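Q: This is a predicted model, with the sequence first.
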Amino acid sequence: MKEKFIKIIIILISFMVIFPFISLIITSDRLDDWIYVFSDRKTYIALGNTIGIAFIALFINIVIGTPVASLMEKEEFIGKKLLELLIFLPLIIPSFVTTMGIQYNFIKLGLIDTILGVGIIHSVITMPYYIRSLRVAYSTLSKDYEKMGKIMGASSLEIFYKINLPIIFPGFLAGMSMVLIVSFAQYLITLIIGGGEIMTIPILMFPYISGGDIKVGGVYSILYIVVNLILILFLEKAVKGIYYRKGKIDDRN
């Protein structure tokens, strides 16, 4: 009885996941729509902006989020709970509210209507996901490993690359993937900070889906999914490749 129930649940979940993609493919069945999308110069501009913004957000997350996640998981200090609240505040407060609060400062700094400005606001929205993934990974890391590294004369950077990163790699990769996925999905905050000047795939796609040509919107949706998936797979292979060559991570596949 239990096995049958599990099979039914698996079938239902599979149907819920696969059915929207099947519907999307059926919706985007006209060749003219594909030709229109790939012959439009805006498509390539939006694609480049989307990828560029995602990697700006990823870079900021790695530089800022990695040491913060390490600190929060390893150390106990006054104000830790407050810091946790501040980090996860973007998940509690609607992104629209967060963005409106930052917008005024961005105007003064000249970051409105720029790819850098959009990338920074995306990093704010994605930071909680990255830090959470990394904190889970750091929880599996024993402090004794770092102590041994220090005794052997390793620098902080060497300890991270040679000791920490191989162990926290799955969480590190999951965090980076989450940054890309969440960044790709942003529409409203990109519209506010980008001022309509920074075109991304969601911004280009939305008018077609909401009231324009749904079939063209379907093509953009498929493009959005495929590019996102390719980037995540590329990121995984690239990072793994670096550490396989250096002998830092064992290939378990």
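A: Ah, there it is. Just so you know, these numbers come straight off a predicted model, no measurement behind them.

Q: Scan the protein for its longest helix.
A: Counting by DSSP state H, the longest helix found in the chain is helix 214-245.

Q: Buried residues, that helix. List them.
A: 215-224, 227-228, 231-232, 235, 239-240, 243 (16 or more other C-beta atoms under 10 Å). Backbone N, C-alpha and C define where each C-beta goes, glycine included.

Q: How about stretch 64-82?
A: Buried-residue list, stretch 64-82, by 16+ other C-beta under 10 Å: 65-66, 68-70, 72-73.

Q: Which ones among those map onto strands?
A: The strands, defined by DSSP state E, take in nothing from these.

Q: and the angle for the helix or strand harbouring Lys42 with helix 214-245?
A: Assessed by DSSP states H and E, Lys42 sits inside helix 41-60. Relative orientation of helix 41-60 and helix 214-245, computed by axes from the mean of the first three to the mean of the last three C-alpha atoms, to 10 degrees: 40 degrees.

Q: so who does the residue sitting nearest the centre point of the chain touch?
A: Closest residue to the average C-alpha location of the chain: Val179 at 1.6 Å, with C-alpha atoms, centre = their mean. Applying C-beta atoms under 8 Å, 6 or more residues apart in numbering, we find Val179 in contact with 54, 57-58, 61, 123, 126, 129-130.

Q: mind checking pLDDT for the residue nearest to it when sequence neighbours are not counted?
A: Nearest residue to Val179, sequence neighbours excluded (C-beta to C-beta, 6 or more residues apart in numbering): Thr126, at 4.4 Å. pLDDT, Thr126: 93.

Q: ok now do Thr126, which residues does it touch?
A: Counting by C-beta under 8 Å, 6+ apart, Thr126 touches 57, 61, 178-179, 182-183.

Q: now swap in Pro170 and tell me
A: Ala137.

Q: Over to it: give its phi and psi.
A: In terms of degrees, to the nearest 10, the main-chain angles of Pro170 are phi -60, psi -40.

Q: from here on, count from 30
A: With 30 as the first residue, the last one maps to Pro199.

Q: How much space separates it from Leu163?
A: 10 Å (C-beta to C-beta, to the nearest Å).

Q: which parts of the helix holding Lys71 are buried?
A: By neighbour count on 16+ other C-beta under 10 Å, the buried set for helix 70-89 is 72, 75-76, 78-87, 89.

Q: Give me the contact list for it.
A: By C-beta under 8 Å, 6+ apart, helix 70-89 touches 66, 144-145, 147-149, 151-152, 155-156, 205, 208-209, 212-213, 219, 227-233, 249, 252, 256, 260.

Q: Just give me how far that helix sits from the chain centre.
A: Its chain's C-alpha centre and that of helix 70-89 lie 12 Å apart, by C-alpha atoms, centre = their mean, to the nearest Å.

Q: pLDDT averaged over it, what's the number?
A: On average, the pLDDT along helix 70-89 is 93.

Q: Could you export that helix as CSV, CA atoms only?
A: This file holds the C-alpha atoms of helix 70-89, laid out as CSV (Å, rounded to 0.1, in the frame of the first residue of the first chain):
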residue,chain,number,x,y,z
ARG,A,70,18.1,42.3,-32.5
LYS,A,71,16.4,43.0,-29.1
THR,A,72,16.5,39.3,-28.4
TYR,A,73,20.3,39.2,-28.4
ILE,A,74,20.6,42.4,-26.4
ALA,A,75,18.2,41.1,-23.8
LEU,A,76,20.1,37.8,-23.7
GLY,A,77,23.4,39.5,-23.2
ASN,A,78,22.1,41.8,-20.5
THR,A,79,20.4,38.9,-18.7
ILE,A,80,23.5,36.8,-18.6
GLY,A,81,25.8,39.8,-17.7
ILE,A,82,23.5,40.9,-14.8
ALA,A,83,23.3,37.3,-13.5
PHE,A,84,27.1,37.1,-13.4
ILE,A,85,27.5,40.5,-11.8
ALA,A,86,25.2,39.3,-9.0
LEU,A,87,27.1,36.0,-8.8
PHE,A,88,30.4,37.7,-8.4
ILE,A,89,29.1,40.0,-5.6
